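Participant: Mind folding the following:
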Amino acid sequence: MADETINLSISRSKRPSKFETYSVPVTHTTRVLDAIIHVRHNEDPTLGVRYACRVGMCGSCAIVINGREALACQTTIESLGTRDIKVEPLRALPVQHDLMVDMKPFFDTIARSSAALRPKTPKLKQMQTMPPKAPHRDLIERQNGCITCGACHSACEWSNTHTGYLGPAALNRLLMLSLDERDMLGPKRLETAARDDGALRCHAVGSCGVVCPAEIPLRTGMQRLKGFLSQLG
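Facilitator: Residues are numbered from 1 along each chain as shown. Predicted coordinates for the structure are as follows:
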C-alpha cells in the first residue's frame, strides 16, 4: 500500500503547458520510473517514456530528474529528498515525444569517431583476451562499462552548445582503444581525439562523470586523454 503521494511534474512536448503535474501514490521503495508508469497506466496513456530492462543495464530510461541526469529505474523517490519531482527528457538531443529523445546524434558521435575495436588479427576465430598483466589493463577497466544511455552527453555543457563535439562517451572510448594492444590503430586513435571537435574542447567541468550511472570516471579519463594529446608531435 502507498505511504504517501508525490507531485510529479512531467515535461509534455505536445501540450499547451510545458509541464503537467500529477499526484502519484508512492512507498519508500518506489522508483521514479514506477511513478511515471503509474501516470501512463492510470492518468494518461499518451505519455511518452522509453524503458526496457528496468535493472539499470540498458540505459533506455535515462532522463533529467530534478535537474540532473539519471536512470529513472534506479532512482528512488526517497533518495531525492523531496515530494516535488520534475522529470524532463535528456538535453542536447531532439525530443521525439514527452520524455523520449532521438538518440541518433549521440550514437553518431561514436560512429564519427570510429570508436570500434579493429583487431590486429581479424581472421582469428577465438576471442582475443587481454592478459592480467597487460600494459594499461587497469586503466582500460576503470574506463569501461558504458551502457550508452546518453546521460553524459546530456550533462556536458559543450555537447549542449556545439553539435559537432564528439562528446564524453566517444572520447572515453577512444582513450581505451588507444591503449588497447589488440587494436590495429592503437595510438593513432589519439589523432581523432585531437581534432577540433575532440578532447581539447572539453572544459573539464566534470558533469559527465557525476551523472554516469556506470560510475565511469569520465573526467579523470578526459584529463588522461589530454595528457596523451600533449605528447603528440
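Participant: Listing request: residues of this protein with sub-threshold pLDDT.
Facilitator: Applying pLDDT under 70 to the chain flags the ranges 1-2, 233.
Participant: where's Ser13 relative to Asp108, distance?
Facilitator: 22 Å (C-beta to C-beta, to the nearest Å). Where C-beta positions appear, they are placed from N, C-alpha and C, glycine not excepted.
Participant: Run a quick neighbour tally on Thr148.
Facilitator: Residues lying near Thr148 (other C-beta atoms under 10 Å) number 18.
Participant: How about Gly164?
Facilitator: The tally of other residues near Gly164 (other C-beta under 10 Å) stands at 13.
Participant: Could you do the one 4 residues further on as well?
Facilitator: Here the neighbour count serves as a burial measure; for Pro168 (other C-beta under 10 Å) it reads 30.
Participant: which residues touch it?
Facilitator: Residues in contact with Pro168 (C-beta atoms under 8 Å, 6 or more residues apart in numbering) are Cys152, His153, Cys156, Ser159, Cys202, Cys208, Gly209, Leu218, Met222.
Participant: Could you do Val64 as well?
Facilitator: Contacts for Val64 were tallied using C-beta under 8 Å, 6+ apart; they are Ala70, Val87, Glu88, Pro89, Leu90, Arg91, Ser154.
Participant: Pretty sure it sits in a helix.
Facilitator: No: applying DSSP: H, G, I helix; E, B strand; the rest coil, one finds Val64 to be strand, outside a helix.
Participant: which residues does it bridge with?
Facilitator: Under DSSP bridges, the beta-bridge partners of Val64 are Glu69, Glu88.
Participant: Please report how far it lies from Ala92.
Facilitator: Relative to Ala92, Val64 is positioned 11 Å away (C-beta to C-beta).
Participant: shared neighbours of the two, anything?
Facilitator: Here Val64 and Ala92 have Ser154 as joint contacts, going by C-beta under 8 Å, 6+ apart.
Participant: how about the helices in this structure?
Facilitator: Secondary structure of the chain (DSSP state H): helices at 32-42, 77-80, 104-112, 137-143, 151-155, 157-161, 168-179, 189-193, 207-211, 218-229.
Participant: Can you say which of those helices is packed in most?
Facilitator: Compared across the helices of the chain, helix 151-155 shows the largest average neighbour count, a mean of 28 (mean count of other C-beta atoms under 10 Å).
Participant: Give me the contacts around it.
Facilitator: Outside helix 151-155, the residues that touch it by C-beta under 8 Å, 6+ apart are 59, 62, 64, 68-71, 90-93, 106, 109, 159-160, 167-169, 207-213, 218.
Participant: which residues sit in contact with the closest residue to Leu175 other than its chain neighbours?
Facilitator: Spatial nearest neighbour of Leu175, excluding adjacent residues (C-beta to C-beta, 6 or more residues apart in numbering): Leu225 at 4.6 Å. Neighbouring residues of Leu225 by C-beta under 8 Å, 6+ apart: Leu171, Asn172, Leu174, Leu175, Ser178, Leu190, Ala193, Ala199.
Participant: Then Lys86?
Facilitator: Counting by C-beta under 8 Å, 6+ apart, Lys86 makes contact with Ser9, Ile10, Ser11, Phe19, Ile65, Asn66, Gly67.
Participant: One more: Ile110?
Facilitator: Going by C-beta under 8 Å, 6+ apart, Ile110 touches Ala116, Thr148, Ala169, Ala170, Arg173.
Participant: So the last one is in contact with Ala111, correct?
Facilitator: No: in this structure, Arg173 sits apart from Ala111 without contact. The criterion is C-beta atoms under 8 Å, and the distance is 11.1 Å.
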